[in-house]
Every structure is written in structure tokens, then in C-alpha cells.
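this one's sequence-less:
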């Protein structure tokens, strides 16, 4: 207990000390170097090669699969190849899930095949499949408001289409049907739930993604149908006749599995124990090759750290790139990292995760202490010429940084243009061709400049432990 | 024999008589009525409802399948519902083909699943699949030039991507790999051929389409992989290691099947035996719901004829809408129609087929006798305000009109903007959402005005029997 307590106390002392004063302004020399780095990175960086390598040589790498292990091997080798100073792994354990077969057909009033995919963690139907009448709701809220009897023994269908926005906020408006739909449908007595894919596209490729069950509520199968198939189903339903649906899902829980967060560091010259944390997740869903989700992020953060060393601009602080395990099925890698390193998180000066594809970065938001806002303004003088504007001091970090942020770590969001991100997200269409090398390069330039400046900063931007 | 000869002689006499003189100019009243029809059609027409009905209630309707028969029933019912004066069918017989299962995987140097689809008419692999090393060629020509030994016992891969053009002419530049690739690969000793999908998209949905064999040349399996999968394969190949491919196709020949050309007529008041022929094809490939290929055409030509009657503008000549059977696997319906009606083709004043999706019509080309060009110019005064320009007097008609044109029938092409047509053509993505209702309506307006004017014309635009 004492051993665990000591670092925590030490961290709190550091934290309090750091919070007490404003960081020094960034020097003109550091600002000039950051701008120079951005320029050089724009001319040459390895991000696209990294994503190409990952998607070609490993491909899909769903947590707990053979390719998950291949991905870990790949990442260790790639960090070493890129000249990182330290490379290691940290275990992340979780229960696996297997997709199995997935088929669906509307059997009445008009027989048509339907493109379907099981939602992550779904239970199976009977091996011979399951038949039921479709009961359609526009939204999860409509299902929650429905009278219990109307879905008894039927298959719920939630039909709302995700709207398209640059910042992807339509996702939050629709993803609850996926994440909570099976719970609410089961509470009302439904035997299964299908949802319109949470995606902005009109492609015949369904979007998978995680779903949840609740203790004490029956676990019913959950699946997503493609947007054109959802349109077709709506067109059948509007004819007013009962629509019968048959689907077969052989998804199942697997065993416990231990994957790895793979970590590479460029060691700082002056403050090697202080960390600038760059994150992305190494796992992907199984349908595509995990290019935009999150091969792009892997390429961006690996390349940003690599460039700073390769261009001879050794940082004062350590730059730590963490490729998180199993983000997709429950943020396991991010939680494992935060819990393992909680005691020293006060020495994690800031965290930034890239997990939104490869669209151009157009905005930086921070979660900095007020006295560090002038530093953000200085950083913006380097990022603005790259097309980035300042957002607000309300950043929440990426998904794998949530737990570390909850423990107090300062974070930024480098917001990417996600206009087409949800066309491909969690589908077979998440492949290398969806990445525009030019916008990927802009991302690397922004991350490189930002990371370098944070590594050079004298002083901190805040630490925000929870009020317990 | 005599019975067959007589109509032919009669036709030749008519033909000669017709060819002898220029048609009369269209009247101002007819031109005004055509413009009024176009305006009214733009406000209201049933084309979208027709396509919605066909794709929802029948869906995919590959030649010789259960849905082929459903499609024929649907078309008869729809012609009657739309108030056509005569509705009938004419038999079209062909050998069927069944798709079966289709799976592929790159097994080495990096194992990855590949999205594949058999080409129409392909033979099967062994039931347990076939393995082989990939030998890549950019184009069919490169394969033809290759030394025989280099593909012996291997799987040929042709990788050229179809370029995107408004008029779709990139199709002709690449489709030979699909139509003739298996013949050329087999001649060189290959055990199978895969091609990059003939499509302009980057979707993980392969494009099927017909392929051919040649007597005396071994029949080897042929399949298409999606564009992103072709990219992946190229990326593996460029690493310089042998790439091993495993694929399973259980495609097979079926039995002889008799489908139907389904025909509906609006009978002419003054010249009921003279025909304005509007065509589209009723069959589709099996992967999508046959919306752009060729549900759109079905909707356009049915609606154009229906509108002329429904709006009370009874035509002098008969408007005949032919929904052709089995275009996709060899233009069977078009050939059957031409052969069955050859004797009376000289009374088919002109033919026009819609089989290129639902993009806006931007150009009309004709194949008219020189003395009828002024009529084309008059028609253009009505079509120009709809966004149509005149092309040239070199029209070839649509695919199902080729045989009738070869026998002498005058044709027009009403060229549609096909910029995105080959994104969806012959894929699972050929679904209703790909049709823009506004451009579909423009098509109906153009067909309605054109058809009405040709039905009112006093005199003909030419007949061009082959010089035998």
C-alpha cells in the first residue's frame, strides 16, 4: 500500500507545484523551429508509408484475433525501424468476441436479401436463424416511449439516418440506437434489434460497432443493415403490410485475451521523465483494413514523433507515442494505460490522440489551466498558417485519453474535418484509398509542431485531478 | 417461305418509298404541344414510383431466376395499371447461369480477405477452391503480348482502373479485360483470371458483368475484385514477393429458360401500324436491385409513353415500349425482338433506348437520312430548353436496339450524364438511392417531347437496310 501511495503523493505535490505558476512563454527560437519542422514535414514524412504498411501487411486487426497479435508485432518492429529510443509493450486484457456468419433476408411481402452485420458483442441467433415481424421506430427515444406490448416477440428496427457534419456530431445523435438499442428493445419484449447503420453514406456496406447489454435484461441479438437496405425496408414498410425478417448471426463470446499497448518514445534531453503523450489505437474492426480507423492516427502520431528526432530537433521532454489496444470494444487500452500510469500522470504534460481519420485539422481546442492560455495562443501562431484555428478551452481528448483526462491529465483536441469519415467508419470500406495523402501530411505537420512546442515548454499547462 | 417473304417485300417497298422523300416539317402546333408536355411532365410523372416499385417489389432480377419471372409479371401489371392500350409478351430463350458461392483470400505474403464476384458465365473452381500465384498485367493487351510460359498454371490479374468520364467512354477502354480476359489468359496457360472491377468507384463492392469463352480454348474461372482490393493486391505485389491467391467460385451453367420481352403500346390514332420504339431492359444483375441498370430506363420510357396518353395528347403513330429480357448476358431480348419483327422494322420509324442510369440528358444524336436532319433541328428547339444539345448524325442506339439498327431501323441516342454511373454499375450498390428524382424527371420530359414529335411527324427519318 505504501509503495502505491508514495508516487501518488509525489504526483500530487508535483501537481500542486505545477499548478501554482504560469508556464514561461515559448521562446522565439522554439516557435521558429516548430514552424520549420512543419515546413519540412510537409515536404517529407513517413505517415502514408506507415498506414500503407499496416493496412497491407496486417490489415484488419480486431481485438483478440490473430491479426491483433500481428499488429502488435508490426508496431514494435515499426517503432524500432523508425528509430524510436525506447520501445515496449504493456498488457491489456479483455474478453474477446467472434463475429461468425451473418445473413439476412426480408421474406415477406417481397423477398430480398439484406446486407447486415452483427454489432460488436452481440449474442447469436439460433443456428438456423430467427424470424420475426419488423416494428419500426424513428429513434431510440421513440422505442423507449413505446408501449411494451407492441414489440413483444418482434424485431425492432430503428431507422434514423445519421446526418453529415464536418465535426461528426451527427454520430452522437444516432449512435445510442446502436449502443443501447438492444437493452431498450429487450425491456419491451423484442426478440432482436436491427438498426440503420450509423453512417452518412449510401453504400451497401453495413457499419458495425460496439453494443451493450445490461445486467438483468435479456440479451437479444443486435445487428446493423446498410443504409440502402434500410431505405428498402422503409419502402416495404410504407406499403402497410407486415414485413417479415429472417436473420442468422453466429456471433459469440470468446476467451479472455491479453493484447498489448505498444509504446515508443523519443527521450527528452532535459526532462526525460516528463511526457508529451501522443495516442492512436492499433486495433480496428474486422470488416475493413482499419485505414481511417485508426491506421491514419497510427501513421500521424508515429510520424510526428519520428520527424522531430529525424530532423535533429531533440526535444527537452520525452515524446511518448502510445498505440492503444482494443479501443473499439470498450477503450480497454486507454483505461489500462491510465490505471497503470495513474501515479505519474501529473508528469504527463499533455495528451493528444488522433482517431478521426485523415481529414485536415481545422481547429485546436485545449484543456489548459487559465494561466497557460497564452501558450496556446503562441502555439496558434505556428498552427494558423497550417489552416488551424483556435476552438475553446474545453477539450476532452480522444477516446483512449478519457480515463487519463478523468485522472487529471491536460489534453488537446486537434479537430479533423470528418465530413466523410462516417461514410467508411466501421465498414469494409475502411481501406487505404480513403486516405488523402495531402491531408494526412497536414495532420503530421500540425502534430509535429504542436508536440515539439509542448516538449520545449518551460512549465506546465495544468493538471486537473478529480475532486474526490 | 412465301408467308415470310411477303412482309419483307412489303417492307422493302415501304422502305424505298419512305426513303424517297424528306419528311414534312413538324407543325408549330405539335412543337408547342411537345413543349407543353415537357413542362407538365416536369411537374408530375410516375417514373420514380415505377423504379421504386420495381426495385422494392421485385428487386434483383437476373435472367432465368425466380425474380426474372416476377419481373415479367410486375411489368405486365404495371403497363396495365398505367393505362397502356395493348400489353403483351414475346418469348426470349437462353441458357441460364447461376452465381453460387464466391470467396477469395490472399494467403501469402500477408493473409487478407478479398471481396470478389464471379463474372457472368464463369465456370467454377474446384469445390474446395483453387490456389495459384498471381501474375499481374496492366491491360489485356499486355497479357496478349506476354510470353506463354510466364502464366502457366498461375492466376492472371489485370489491374487497369477504369477512368471516369461524363460519357462513360472509359468503359470501352477497360471492359475487354472482363469480356475477353479469360480467353487470352487460357491461351497462355493460366488456370484462372481475376480483374480489377470495371468501375470508377473506390468501394469494397466488386462489379460483375458478362465474360466470354471461345471454342477450342480451355474455360477457366473469371472473377472481379473490388477496386480497394485491387489496390491492396497491387501494394502486396510491389513488395516483390510471390503473392498466393486462393479463390472459390461455385458458379455453374443452368438450364434453358424462356423469359419474355414485355411490351406495352399507346396506339396511334392515324398510323397505328407505324411504331415509335422506346426500349429499356427489364433484367438486371443479381447483386444490387437493378435501379440504375436498368430500373431507371424502365421508369423513364414507361412514364414518357404513359404521360402522352394521360395528358390527353393521343399520338398519330403508335408508341411501343419494349422492356427487353436478358440484356445483361448477351442482348437476348433485343436480338429476339429484331428477329421476330424484322419484316416490319421499316414501319418502326425510330428507336430510342434508355440504359445508362438516371443522369441528366445533355445531348441528342440521330441516325437519320440527310433529308430528315431539319426535323432533328426542329426537335432540338424543344429539347434545348431542357438542357440538351445536338450531337451528330452518328447515333448507334442502345444495346437492345443494336440488332434492329443493323437491320435498318433509324435510331437516336439521348445521352445521359454518366459521370457516376460506373460507380454503381453491376454492383450490390445499384440501388434506388442512387437515382436522383430530379434528373430522372428531366429524362422523362426529354423522352416525352421527343417521342411525341416523332409520333406526329408526317413522313420518316430513314431506313438503312444492310448492304447484303
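Nice, thanks for sending it over. Small disclaimer: the values here were computed from a predicted structure and weren't measured.

ok, residue A:159 touching residue A:138?
Yes - using C-beta atoms under 8 Å, residue A:159 is in contact with residue A:138, at 5.9 Å. For glycine as for every other residue, the C-beta is placed from the backbone atoms N, C-alpha and C.

three-state assignment of residue A:261?
strand (DSSP: H, G, I helix; E, B strand; the rest coil).

please apply the same query to residue A:33.
Going by three-state DSSP: residue A:33 is helix.

contacting residues around it?
Residue A:33 sits next to A:313, A:452, A:456 when contact means C-beta atoms under 8 Å, 6 or more residues apart in numbering or on different chains.

what do you get if the cut-off is 6 Å, keeping everything else the same?
residue A:313 (C-beta atoms under 6 Å, 6 or more residues apart in numbering or on different chains).

does chain B sit close to stretch A:233-242?
Yes - judged by C-beta under 6 Å from any C-beta of the partner chain, stretch A:233-242 comes into contact with chain B through residue A:235.

for stretch A:410-421, that is, sorry about that
No - using C-beta under 6 Å from any C-beta, no contact is recorded between stretch A:410-421 and chain B, whose separation bottoms out at 11.4 Å.

that stretch: end-to-end distance?
Start and end residues of stretch A:410-421 are separated by 26 Å (C-alpha to C-alpha, to the nearest Å).

do stretch A:351-371 as well
Start-to-end, stretch A:351-371 (C-alpha to C-alpha) is 18 Å.

can you check stretch A:337-352 too?
Here stretch A:337-352 reaches across 14 Å from its first residue to its last, counting by C-alpha to C-alpha.

go through that stretch and flag the buried ones.
Within stretch A:337-352, the residues scored as buried using 16 or more other C-beta atoms under 10 Å in any protein chain shown are A:337-338, A:341-352.

same check, this time on stretch A:142-158
Those would be A:143, A:146, A:151, A:154, A:155, A:156, A:157, A:158, for stretch A:142-158 by 16+ other C-beta under 10 Å.

before we move on, what about stretch A:397-415?
Neighbour count says stretch A:397-415 has A:397-405, A:407-415 buried, by 16+ other C-beta under 10 Å.

what's next to it, contact-wise?
Outside stretch A:397-415, the residues touching it (C-beta under 6 Å, 6+ apart) are A:279, A:281, A:324, A:327, A:331, A:333-335, A:338, A:342, A:345, A:348, A:350-353, A:355, A:361, A:363-368, A:395, A:446, A:461-465.

please report the distance of the residue nearest in space to the middle of chain A from chain B.
For chain A, the residue sitting closest to the mean C-alpha position, by C-alpha atoms, centre = their mean, is residue A:355 at 4.5 Å. For residue A:355, the distance to chain B equals 21 Å [C-beta to the nearest C-beta, to the nearest Å].

got the contact list for that residue?
Residue A:355 makes contact with A:294, A:297, A:398, according to C-beta under 6 Å, 6+ apart.

next one: residue A:110
Contacts for residue A:110 (C-beta under 6 Å, 6+ apart) come out as residue B:57.

closest to residue B:124 among the buried residues of stretch A:142-158?
Nearest to residue B:124 among the buried residues of stretch A:142-158, counting by C-beta to C-beta, is residue A:155 at 35.6 Å.

test my guess that that closest one contacts residue A:131.
No - at 8.5 Å, residue A:155 does not count as touching residue A:131 under the criterion of C-beta atoms under 6 Å.

how far away is residue A:129 from residue A:120?
Noted for residue A:129: a distance of 20 Å to residue A:120, by C-beta to C-beta, to the nearest Å.

one more: residue A:331?
Using C-beta to C-beta, one obtains 13 Å as the distance from residue A:331 to residue A:120.

over to residue A:408?
Applying C-beta to C-beta, the value for residue A:408 to residue A:120 is 30 Å.

if we can go back for a sec, who has more neighbours, residue A:129 and residue A:120?
residue A:120 (23 against 17; other C-beta atoms under 10 Å in any protein chain shown).

which strand residues bridge that one?
residue A:210 (DSSP bridges).

contacting residues for it?
Applying C-beta under 6 Å, 6+ apart, we find residue A:120 in contact with A:208, A:210, A:329.

per-residue confidence at it?
Note on residue A:120: pLDDT of 98.

again with residue A:408
At residue A:408, pLDDT is 97.

before we move on, what about residue A:4?
Looking at residue A:4, its pLDDT stands at 40.

on the three-state scheme, residue A:25 is what?
coil.

strands of the stretch 301-450 of chain A, residue ranges please.
For the stretch 301-450 of chain A, the strands defined by DSSP state E, counting those that start in this stretch cover A:317-324, A:348-353, A:361-367, A:389-390, A:411-416.

tell me which parts of the stretch 1-150 of chain A are close to chain B?
With C-beta under 6 Å from any C-beta as the criterion, the stretch 1-150 of chain A comes near chain B at residues A:56, A:57, A:59, A:110, A:112.

what's the most distant pair in the residues you listed?
A:57 and A:110 (44.2 Å).

ok, residue A:281 to chain B distance?
When C-beta to the nearest C-beta is the yardstick, residue A:281 and chain B sit 20 Å from each other.

next one: residue A:398
26 Å.

next, that residue: phi, psi?
When read as degrees, to the nearest 10, the backbone of residue A:398 gives phi -80, psi 170.

SS state for the residue of chain A positioned farthest from its centre?
The C-alpha centroid of chain A is most remote from residue A:241, which lies 40.9 Å away (C-alpha atoms, centre = their mean). Secondary structure state of residue A:241, per three-state DSSP, is coil.

contact partners for it?
residue A:109.

for it, phi and psi?
Dihedral angles (degrees, to the nearest 10) for residue A:241: phi -90, psi 150.

what ranges do the strands span in the stretch 101-250 of chain A?
A:102-108, A:112-114, A:116-118, A:130-137, A:155-158, A:192-196, A:222-225, A:244-249.

okay, those strands in JSON lines with distance to residue A:72 next?
What follows is the strands of the stretch 101-250 of chain A, written out as JSON lines (distance: least, C-beta to C-beta, whole Å):
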{"stretch": "strand A:102-108", "distance to residue A:72": "27"}
{"stretch": "strand A:112-114", "distance to residue A:72": "36"}
{"stretch": "strand A:116-118", "distance to residue A:72": "25"}
{"stretch": "strand A:130-137", "distance to residue A:72": "37"}
{"stretch": "strand A:155-158", "distance to residue A:72": "36"}
{"stretch": "strand A:192-196", "distance to residue A:72": "32"}
{"stretch": "strand A:222-225", "distance to residue A:72": "28"}
{"stretch": "strand A:244-249", "distance to residue A:72": "29"}
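
show me the shaky parts of the stretch 351-468 of chain A.
Counting by pLDDT under 70, the stretch 351-468 of chain A contains low-confidence residues at A:468.
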